[in-house]
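Asker: coords please:
(one chain, ligands or ions: 1)
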Amino acid sequence: MVNATKKTNRTRIISLLALITAFCLQTFPLVSQEEVFTLCYHNIFRISGEPGPCYISAGRLEEQLKYFRDEGYRSVLPEDIFKHINGTEPLDKKCILFSFDDTHESHYTIAAPLLEKYGFRGTFFIMTVVIGKKHYMTGTQIKSLADRGHCIANHTYDHQDLRKLPAGQWKKQIEDSNNKLEKITGTNICFFAYPFGACNRYAAENLQKRGMELSFQLSGKQIPGFPLQSQRRLMVSGTWSSGRLNKEMLRTFRKQ
Ligand SMILES: [Zn+2]
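Answerer: Below you'll find the predicted structure:
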């Protein structure tokens, strides 16, 4: 009888420890994981355009993609980073995520073909209000990207700063946009990028509550207790050579 009680107590303690461990892994999963190189692009132009933080020429983008291919990188998607953080599928150092924000038509006509030419896949953060409008992607183009192995993800309905979003607007910005993208692609939408990269604890809590597995900001500090909802990205300037980009990646993600 005494032995049986001791055994039950031991089982309870083991269960409790397992619960605490699971909670800690969920809350502080990044403690021992190295960040995956994650890049963010916006506008891409073929002929006329001025390179800058949000603008890159097709030629410069191709030069960068060729550099990563020649250096032996492989592209990953948010689901891979999610598994990496949770420790179920660790990624090596030569992994990179290419992301494209704001639904620009050039993502379909220029970025996706270039990514595919070098054996890569990208992540496209879609602001749903502009789907089908002039110079933006159509639903058919977005579906085609998903069918070709790219990741389609949410970037709100109309690019609101979520840090002070009124309670009544969350459904429109997140759930309704998710539903629209799920209808277009036939895939589950569970990854997100903050408009302007602007995030705080309030926004992170809301996104977590609404089922986002990972949310991406820019290169600011992660939100304590919410690493999954404040993943970092480097915004690539269209003026950077591949060498400069490599230096910026090491500075941002490896603190070198
Ligand atoms: Zn944006």
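Asker: show me what from the stretch 51-200 of the chain comes close to the ion.
Answerer: 101, 102, 195 (C-beta under 5 Å from the ion). For the C-beta atoms, the positions are set from N, CA and C on the backbone; glycine is no exception.
Asker: quick one: which of those sit in strands?
Answerer: Members of these lying in strands (criterion: DSSP state E): residue 101.
Asker: which one (most neighbours) among the residues of the stretch 51-200 of the chain next to the ion?
Answerer: Within those, neighbour counts (other C-beta atoms under 10 Å) peak at residue 101, which reaches 27 neighbours.
Asker: strands of the protein, start to end?
Answerer: 37-41, 43-45, 55-57, 74-75, 95-101, 122-126, 151-154, 191-193, 214-216, 234-235.
Asker: adding mean pLDDT, write those out as CSV.
Answerer: Output for those, formatted as CSV (pLDDT from 0 to 100):
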stretch, mean pLDDT
strand 37-41, 98
strand 43-45, 96
strand 55-57, 97
strand 74-75, 98
strand 95-101, 98
strand 122-126, 98
strand 151-154, 98
strand 191-193, 98
strand 214-216, 98
strand 234-235, 98
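Asker: for residue 141, find the nearest of the ones you listed.
Answerer: Nearest of these to residue 141, taken as C-beta to C-beta: strand 122-126 at 9.8 Å.
Asker: what lines up beside the closest one in the sheet?
Answerer: Using DSSP bridges, strand 122-126 pairs in its sheet with strand 95-101 (parallel), strand 151-154 (parallel).
Asker: the first one: which residues count as buried?
Answerer: Read that as strand 95-101. Neighbour counts over strand 95-101 (16 or more other C-beta atoms under 10 Å) mark 95, 96, 97, 98, 99, 100, 101 as buried.
Asker: for it, give me every contacting residue.
Answerer: 36-42, 65, 68, 73-78, 80-81, 107, 111, 115, 120-125, 127, 155, 193, 216, 233 (C-beta atoms under 8 Å, 6 or more residues apart in numbering).
Asker: which one is residue 206 nearest to, not counting chain neighbours?
Answerer: By the measure of C-beta to C-beta, 6 or more residues apart in numbering, the closest residue to residue 206 outside its immediate chain neighbours is residue 170, 5.7 Å from it.
Asker: same question for residue 96.
Answerer: Leaving out its chain neighbours, the residue that sits closest to residue 96 by C-beta to C-beta, 6+ apart is residue 37, at 4.5 Å.
Asker: one more: residue 141?
Answerer: Nearest residue to residue 141 in three dimensions, chain neighbours excluded: residue 108, at 4.3 Å (C-beta to C-beta, 6+ apart).
Asker: distance check, the one you found against the ion.
Answerer: Residue 108 is 17 Å from the ion, where distance means C-beta to the ion, to the nearest Å.
Asker: mind listing what that residue touches?
Answerer: Here residue 108 is in contact with 137, 141, 142, 144, 145 (C-beta under 8 Å, 6+ apart).
Asker: do the same with residue 57
Answerer: 44, 45, 46, 49, 51, 238 are the contacts of residue 57 under C-beta under 8 Å, 6+ apart.
Asker: how about these in TSV, adding distance to residue 175?
Answerer: Listed next are the contacts of residue 57 as TSV, based on distance: C-beta to C-beta, whole Å:
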residue	distance to residue 175
44	30
45	34
46	36
49	36
51	37
238	34
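Asker: cheers, nothing more for now.
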